[in-house]
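J.: Below are the sequence and a predicted model; questions follow.
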Amino acid sequence: MQLWPAIDILGGRCVRLRQGDYASETEYGDPLEVASRYLEAGAKRLHVVDLDAARSGEAANAGTVVRIARRTGLPVQAGGGVRSLEAAAALLEGGVARVVVGTAALSDEGLLEAMLLRWPGRVVVGLDYRSARSAEGVVRREVAVRGWQEASGILLEEALERLAGRELAGIVVTDIARDGTGAGPDLAEYADVLGRSDRPLIASGGVSSAGDIARLARLEAAGRRLAGVVVGKALLAGSLTVAEAEQAALGLTN
């Protein structure tokens, strides 16, 4: 399982949001400096999100994202507001390895297909969801769009079905309720997702320890395992080192 240390950029700063709330942020300094620290610590790849663009659709931090890729030389998986071929091209032709498409992947299937044709193996879809339990006890997992600010009306299982068979580099699945909380990943949820999708899946949200990562690395459903894990706050806050996280992702931690 691959480790993807996360760098979220808002207003030019590296931040972490709690449960996708733009009013609840913790700042961690210059994104380029954070990226350099991760490189020095042994990170093999980075997951970078332009939070301004995710909310507005305007690529406010695209230059910073590209500089991170060029300065570190690491494969960078970048997302946030990628809703056109031009936005994807600015990143991919600027040195980013893969783009993450969220809102546009569900609202414009023609655009997604055009991206897949132009950049095969370099397009990832991001599915960020919120869970709600009905009075009857039924859990409804709805995908959120536009920087997690709007409900899409599309259930997570519907979105996974739509993406079946597509030549995607992967799908990042984020549990918004756990993101930035350190509450630990919901293993049952990810097992369910593994059983519903035939694409490489990357788990995101709630990881707080090497043990969390190790449990995700061991998780198996329908004969499949997770392809990767995104870790943000635990690495930024120092409760987990890159070396510890990498070891756990490789299955070398109990």
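T.: Here it is on my side, so go on. Numbering: from 1, shown residues only.

J.: And the residue nearest to residue 77 when sequence neighbours are not counted, what's its pLDDT?
T.: Among residues not flanking residue 77 along the chain, residue 98 sits closest, at 4.5 Å (C-beta to C-beta, 6 or more residues apart in numbering). For the C-beta atoms, the positions are set from N, CA and C on the backbone; glycine is no exception. With respect to pLDDT, residue 98 scores 98.

J.: ditto for residue 230
T.: At residue 230, pLDDT is 96.

J.: what about it, which helix or strand?
T.: strand 228-231 (DSSP states H and E).

J.: Residue 182 and residue 16: what is the separation?
T.: Using C-beta to C-beta, to the nearest Å, residue 182 is found at 10 Å from residue 16.

J.: Please apply the same query to residue 160.
T.: As judged by C-beta to C-beta, residue 160 and residue 16 stand 26 Å apart.

J.: and if you look at residue 231?
T.: 11 Å.

J.: same thing with residue 120?
T.: 32 Å.

J.: all strands for this protein, in order.
T.: Listed in chain order, the strands of the chain (DSSP state E) span 2-10, 13-18, 21-27, 46-50, 76-79, 98-101, 123-133, 139-145, 150-155, 170-175, 201-204, 220-221, 224-225, 228-231.

J.: could these go into a markdown table alongside mean neighbour count and distance to residue 56?
T.: A markdown table is the format used below for the strands of the chain (neighbours: other C-beta atoms under 10 Å; distance: least, C-beta to C-beta, whole Å):
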| stretch | mean neighbour count | distance to residue 56 |
| --- | --- | --- |
| strand 2-10 | 25 | 11 |
| strand 13-18 | 20 | 15 |
| strand 21-27 | 12 | 11 |
| strand 46-50 | 27 | 10 |
| strand 76-79 | 27 | 14 |
| strand 98-101 | 24 | 16 |
| strand 123-133 | 21 | 16 |
| strand 139-145 | 18 | 13 |
| strand 150-155 | 14 | 12 |
| strand 170-175 | 24 | 19 |
| strand 201-204 | 25 | 22 |
| strand 220-221 | 14 | 37 |
| strand 224-225 | 16 | 36 |
| strand 228-231 | 25 | 22 |
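
J.: Identify whichever of those lies nearest to residue 58.
T.: strand 46-50 (9.2 Å; C-beta to C-beta).

J.: Walk me through which strands the closest one pairs with, and which way each runs.
T.: The sheet places strand 46-50 alongside strand 2-10 (parallel), strand 76-79 (parallel), with pairing taken from DSSP bridges.

J.: so which of these gets nearest residue 242?
T.: That would be strand 2-10 among the strands paired with strand 46-50, by C-beta to C-beta, at 6.4 Å.

J.: ok, residues contacting that closest one?
T.: With contact meaning C-beta atoms under 8 Å, 6 or more residues apart in numbering, strand 2-10 is reached by 14-17, 22, 25, 31, 34-35, 38, 43-52, 61, 64-65, 68, 77, 80, 202, 204, 213, 227-232, 235, 242, 245-246, 249.
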